[in-house]
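>>> Fold the following and give me the result.
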Amino acid sequence: MNKVETQQVTVRLSNELVKRIDQERTKRLEKEGKIPSRTDIIRISLEKMFVEKT
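Coordinates of the predicted model:
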């Protein structure tokens, strides 16, 4: 398995966007039995937006 290099990126988000991220975390808790981190939700969203479309 290839190791993927990663970088940390810091972003500022509106309170509304953080609220929506937290709502998604709660949905995933109900589906997956564990609550993902905000970072996980943002990473998943970015992968869907940029990686899966290529």
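
>>> so where is the chain shaky, pLDDT-wise?
Within the chain, the ranges that satisfy pLDDT under 70 run 1, 53-54.

>>> center of it, which residue is that?
Nearest to the mean C-alpha position of the chain, by C-alpha atoms, centre = their mean, lies Ile41 at 1.7 Å.

>>> Asn2 versus that one, what's the distance?
24 Å (C-beta to C-beta, to the nearest Å). Placement of C-beta: from N, CA and C, glycine included.

>>> and if you look at Arg12?
In terms of C-beta to C-beta, Arg12 sits 32 Å off from Asn2.

>>> for this protein, what spans make up the helices?
15-32, 38-46 (DSSP state H).

>>> Can you tell me which of the ones you listed is packed in deepest?
A comparison of the helices of the chain by mean neighbour count, using mean count of other C-beta atoms under 10 Å, puts helix 38-46 on top with a mean of 14.

>>> what residues does that helix touch?
Val18, Ile21, Asp22, Glu24, Arg25, Arg28, Pro36 (C-beta atoms under 8 Å, 6 or more residues apart in numbering).

>>> Roughly how far does the last one sit from Asn2?
In this structure, Pro36 lies at 24 Å from Asn2, with C-beta to C-beta as the measure.
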